[in-house]
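Student: Quick one: sequence and predicted model below, then my questions.
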Amino acid sequence: MTTAFYHFLGLRPLSKDPGRGGLKTLPPEASPRYPYPMKRTFALLLAAIMLTPGESFAQAVSAAGLRGVTLGSPAISLQSPVPFSALVPSSSVSPLAPAALTPTALPPAPAPSIAVPVIARAAALVPSALAAAPLIQAQARIAKSAENSAPALEALFDGGLAAPARDAVDGVSGSVPSALAPSLGAPSSSPSFEPRSPKDDSGRAPWRRKVTEYKQRFVSWVSNTPSEILLIGVLGLAIGLGAGHKHESDREKHIPLAFSEIHQIERDAERAGMAVGPLTRYLTSTSDMTMKVFEVWNESHANTYVGSNVHNFATELEYKMDPSFKFHRYEIFDFVRDLPAQADAATAQLSHLDQLRRGLSPVVNDFNRSWDDSHTDHYRTEYYTVTVDDGKGKSHTETRSREVYDHTTHTYTYDRASGERASTGADALIARTGSLALTEVLHTASQTNAEGEYAAEKSRRNANGGARLSQDSLTKIANTWATGSTLMTNLPEADRLWAAFHGDANAWRAAKGTAHDDRYNTGSHADSGPREFQTAERALADGAGAEAKLGEILDGISFVKANTPKLEGMIRELIDVELHYKKDGTDTKKLMREILTLSQQMYQKNFNGGLEVDPYRKLMLLVYSLCGLGIGAALGAALDKASRKYRWY
């Protein structure tokens with residue numbers, strides 16, 4: 001055998017003496033100590049299996065080819081002959097050996113292979129050895145508690161090996177004879193072993209006892225209450241929230257694009273002998289500049305497989321900001337350079353709308369101050385009787401009270417000075433304001449081109465499942481800069497409200513002479529008020545609506561003019577910090593998000609009927625979370641019902 005096998009059995013190997021070419025037994029004090037009592041037990045059991053009636057331990061070891069091997073403790077040595085009769089009483093007859101064999105010492109046998117005799121004998125004794133295993137393990141633990149001590153080995157050999165090995169070989173049990181006791185320093189009788197009592201928790205760490213206590217409480221709570229509904233419901237809520245965030249985050253990585261085909265518009269205008277108007281120039285530039293930023297955002301995510309997309313975002317932006325990398329007719333650096341001036345030109349083109357908005361503001365304020373209304377609800381005490389059962393088969397009546405609605409007092413207070421100013425101001429504004437129609441016609445491209453079509457289809461590939469877009473769809477997308485602009489969306493509604501305001505001004509001029517304070521009661525909470533009050537309220541609503549619609553158009557242009565230089569500065573700072581290693585403590589990820597957010601705001605303010613450029617829908621997180629909560633609660637209820645029926649836990 002090899003030294004590793006000795007170590008496994010808990011035995012000591014012999015040291016080689018190269019000078020004599022043989023083996024030399026290590027002295028006990030130089031031998032290693034093996035801290036595994038189960039290994040020593042296994043070694044003793046193996047030695048017992050190898051014995052035959054009348055055979056000594058030394059002869060058994062010699063027959064197995066383990067000459068000169070000692071056990072892993074100086075207290076026991078197998079080198080001195082120990083007859084088998086000393087282990088088993090002569091009255092005991094082994095069922096595995098012929099009766100003619102006598103307990104006499106046999107001569108040493110040559111060293112045959114250990115495989116055949118040991119395996120054959122072990123196979124016959126496996127059932128008995130397995131039956132003895134629990135006792136051996138219990139006594140091995142005792143030996144481990146008193147490592148390398150004579151009393152531990154005494155208990156191990158006398159009680160843990162003698163009885164199981166004797167049972168395994170001869171089918172009998174008994175105590176170790178006194179003849180063996182002197183050599184072992186052991187008592188003549190085998191010690192008795194009682195089953196180990198359950199482990200006392202008093203010696204455990206307090207935190208371990210607490211953990212066990214809380215675990216038991218949790219198991220009891222789950223078993224005795226419908227807690228599965230809560231637990232699995234919360235789990236479903238978390239899964240739904242995570243799934244919703246993942247879905248919306250994926251949507252955000254693919255912002256739909258719609259380029260205006262401004263180059264085609266310029267060619268069409270040139271063929272028609274016209275110039276591109278300031279409104280067309282401003283709207284196409286604003287749309288295309290923001291679309292360039294969105295395109296960079298999409299490309300940065302497409303080129304990022306692990307980690308943040310900041311570096312790719314900055315790299316793509318540098319291509320759009322450096323004239324030496326210019327590929328298309330207009331790039332971002334062209335737009336940020338020209339847009340402030342184009343915004344001024346567009347505002348000048350819409351000066352009549354700006355004048356109307358400024359004129360409507362004081363008139364609307366006067367209409368708002370001309371009337372003040374209040375509505376006060378009144379309640380009364382109502383008494384009623386009820387029959388109450390006292391629980392003993394008898395009942396009695398009780399009188400109770402409650403507050404019930406009675407009527408509402410409506411009070412209308414008229415401010416004559418404000419009413420007169422509102423009428424005068426409305427008439428003057430109508431007199432100096434003409435039609436709201438535009439003097440410029442927004443011409444769209446006569447056809448779409450390959451670059452714009454490719455960008456539109458690529459950005460919608462996930463939403464469309466990879467399907468190609470029709471020519472009509474591509475044309476509609478390209479014309480979004482005009483059809484979806486705030487100018488073309490709000491202007492028709494503002495024109496309608498302004499026309500209605502004309503009629504309101506005339507009606508108020510006729511009604512203001514009879515306007516006065518009023519107060520009366522009705523049986524309803526709401527009231528439309530006197531006729532004069534209703535006329536002023538209609539003028540207020542129409543005037544305020546027209547002012548708001550015009551304000552959205554003009555404020556969008558002002559926003560782009562004010563923030564285009566800011567956007568340019570943020571882009572250049574991101575490029576310098578991320579690509580040119582400018583160290584100023586800037587959070588590039590936050591800066592990238594600010595660039596995207598500002599571009600989205602520019603687009604949304606100028607194209608409120610355009611594309612959905614902020615695909616992350618926060619409301620959908622609530623939908624996903626509620627769906628997950630509902631599914632989880634249903635599964636929890638089903639599990640609770642099944643566990644109670646089949647008593648799973």
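Tutor: On my side now, so go ahead. Only a predicted model underlies this, so the values are computations on that prediction, with no experimental measurement involved.

Student: Need the CA coordinates for stretch 220-236. CSV is fine.
Tutor: Once non-C-alpha atoms are left out, stretch 220-236 reads as follows in CSV (Å, rounded to 0.1, in the frame of the first residue of the first chain):
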residue,chain,number,x,y,z
SER,A,220,-45.4,28.5,12.2
TRP,A,221,-46.7,31.8,10.7
VAL,A,222,-46.6,30.3,7.2
SER,A,223,-48.3,27.1,8.3
ASN,A,224,-51.1,28.7,10.3
THR,A,225,-52.0,31.7,8.2
PRO,A,226,-52.7,32.4,4.5
SER,A,227,-49.3,34.1,4.3
GLU,A,228,-48.6,32.7,0.9
ILE,A,229,-50.9,35.3,-0.6
LEU,A,230,-48.8,38.1,0.9
LEU,A,231,-45.4,36.5,0.2
ILE,A,232,-46.0,35.4,-3.3
GLY,A,233,-48.0,38.6,-4.0
VAL,A,234,-45.0,40.8,-2.9
LEU,A,235,-42.7,38.5,-5.0
GLY,A,236,-45.0,39.0,-8.0
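
Student: in that stretch, what's buried?
Tutor: 228-229, 231-233, 236 (16 or more other Cβ atoms under 10 Å). Any C-beta I mention is one placed from the backbone N, CA and C, and that applies to glycine too.

Student: How about residues contacting that stretch?
Tutor: Identification of contacts with stretch 220-236 by Cβ atoms under 8 Å, 6 or more residues apart in numbering yields 628-633, 635-637, 639-640, 643, 649.

Student: List buried residues within these.
Tutor: Using 16+ other Cβ under 10 Å as the burial test, these include 628-629, 631-633, 635-636, 639-640 as buried.

Student: In helices, which of the residues you listed fall?
Tutor: Per DSSP state H, helices hold the following members of these: 628-629, 631-633, 635-636, 639-640.

Student: that older thread, I'd like the buried residues of stretch 220-236 written out as a markdown table, with secondary structure, pLDDT and distance to residue 450 added.
Tutor: Listed next are those as a markdown table, based on DSSP: H, G, I helix; E, B strand; the rest coil; pLDDT from 0 to 100; distance: Cβ to Cβ, whole Å:
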| residue | secondary structure | pLDDT | distance to residue 450 |
| --- | --- | --- | --- |
| 228 | helix | 88 | 58 |
| 229 | helix | 91 | 58 |
| 231 | helix | 91 | 56 |
| 232 | helix | 93 | 53 |
| 233 | helix | 93 | 53 |
| 236 | helix | 94 | 48 |
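
Student: which of these lies closest to residue 435?
Tutor: Nearest to residue 435 out of those is residue 236 (Cβ to Cβ; 58.8 Å).

Student: which residues sit in contact with the nearest residue to residue 342 once chain neighbours are set aside?
Tutor: Closest residue to residue 342 apart from its sequence neighbours, by Cβ to Cβ, 6 or more residues apart in numbering: residue 282 at 4.4 Å. Residue 282 makes contacts with 339, 342-343, 345-346, 557, as judged by Cβ under 8 Å, 6+ apart.

Student: tell me the secondary structure for residue 403?
Tutor: Of the three states, residue 403 takes strand under DSSP: H, G, I helix; E, B strand; the rest coil.

Student: Number of residues surrounding residue 555?
Tutor: 14 (other Cβ atoms under 10 Å).

Student: and the nearest residue to it once chain neighbours are set aside, what does it touch?
Tutor: Counting by Cβ to Cβ, 6+ apart, residue 555 lies nearest to residue 605, which is 6.8 Å off, once chain neighbours are set aside. Listed by Cβ under 8 Å, 6+ apart, the contact partners of residue 605 are 486, 552, 555-556, 559-560.

Student: Which members of the contacts of residue 282 are classed as buried?
Tutor: Among the contacts of residue 282, those classed as buried by 16+ other Cβ under 10 Å are 339, 342-343, 346, 557.

Student: Could you tell me which of those residues belong to helices?
Tutor: Judged by DSSP H, the buried ones among the contacts of residue 282 include 339, 342-343, 346, 557 as members of helices.

Student: re the thing from before, switch the buried residues of stretch 220-236 over to a markdown table, and while doing so, append distance to residue 538 to every line.
Tutor: Conversion of the buried residues of stretch 220-236 to a markdown table gives the following (distance: Cβ to Cβ, whole Å):
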| residue | distance to residue 538 |
| --- | --- |
| 228 | 59 |
| 229 | 54 |
| 231 | 58 |
| 232 | 56 |
| 233 | 51 |
| 236 | 51 |
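
Student: ok, back up a step: would you check how far apart the residue nearest to residue 342 and residue 339 are?
Tutor: 8 Å (Cβ to Cβ, to the nearest Å).

Student: Same question for residue 257.
Tutor: Note on residue 257: its distance to residue 339, by Cβ to Cβ, is 19 Å.

Student: next one: residue 623
Tutor: 38 Å.

Student: Double-check that residue 240 belongs to a helix.
Tutor: Yes: counting by three-state DSSP, residue 240 falls inside a helix.

Student: For it, which non-adjacent residue is spatially closest?
Tutor: In space, and not counting its chain neighbours, residue 240 is closest to residue 628: 2.1 Å by Cβ to Cβ, 6+ apart.

Student: Next, the contact list for the one you found, please.
Tutor: Contacts of residue 628 (Cβ under 8 Å, 6+ apart): 236-241, 243.

Student: Between these, which sits nearest residue 576?
Tutor: Taking these together and measuring to residue 576 by Cβ to Cβ, the closest member is residue 241, at 37.8 Å.

Student: What is the neighbour count of the closest one?
Tutor: Count around residue 241 with other Cβ under 10 Å applied: 17.

Student: Give me the pLDDT value at the closest residue to it other than its chain neighbours.
Tutor: Spatial nearest neighbour of residue 241, excluding adjacent residues (Cβ to Cβ, 6+ apart): residue 625 at 4.7 Å. Confidence at residue 625, expressed as pLDDT, is 94.

Student: closest to residue 530 among the buried ones among the contacts of stretch 220-236?
Tutor: For these, the minimum distance to residue 530 (Cβ to Cβ) is 51.3 Å, reached by residue 629.

Student: Can you give me every residue that contacts residue 489?
Tutor: For residue 489, the contacting residues are 608-609, by Cβ under 8 Å, 6+ apart.

Student: mind listing what's buried in the helix or strand where it lies?
Tutor: For residue 489, the host element (DSSP states H and E) is helix 486-511. Judged by neighbour count using 16+ other Cβ under 10 Å, the buried positions of helix 486-511 are 486-491, 494-495, 497-498, 500-501, 504-508, 511.

Student: Stretch 240-257 now?
Tutor: Under the neighbour-count criterion of 16+ other Cβ under 10 Å, stretch 240-257 has 240-241, 244-245, 248, 251, 253-257 buried.

Student: Averaged pLDDT, that stretch. What do you get?
Tutor: pLDDT averaged over stretch 240-257 gives 92.

Student: Not counting it itself, show me its contacts.
Tutor: Contacting residues not belonging to stretch 240-257 are listed as 291, 294-295, 297-298, 301, 455-456, 458-463, 611-618, 620-621, 623-629, 631-632 [Cβ under 8 Å, 6+ apart].

Student: What of stretch 385-403?
Tutor: Stretch 385-403 has contacts (Cβ under 8 Å, 6+ apart) with 379-384.

Student: Could you do stretch 616-627 as well?
Tutor: With contacts defined as Cβ under 8 Å, 6+ apart, stretch 616-627 is touched by 237, 240-241, 243-245, 247-249, 251-252.

Student: Ramachandran coordinates for residue 414?
Tutor: phi -100, psi 130 (degrees, to the nearest 10).

Student: ok, now which ones touch it?
Tutor: By Cβ under 8 Å, 6+ apart, the residues touching residue 414 are 370-371, 515-517, 532-533.

Student: What is the nearest of these to residue 570?
Tutor: Within these, the smallest distance to residue 570 is 47.1 Å, found for residue 370 (Cβ to Cβ).
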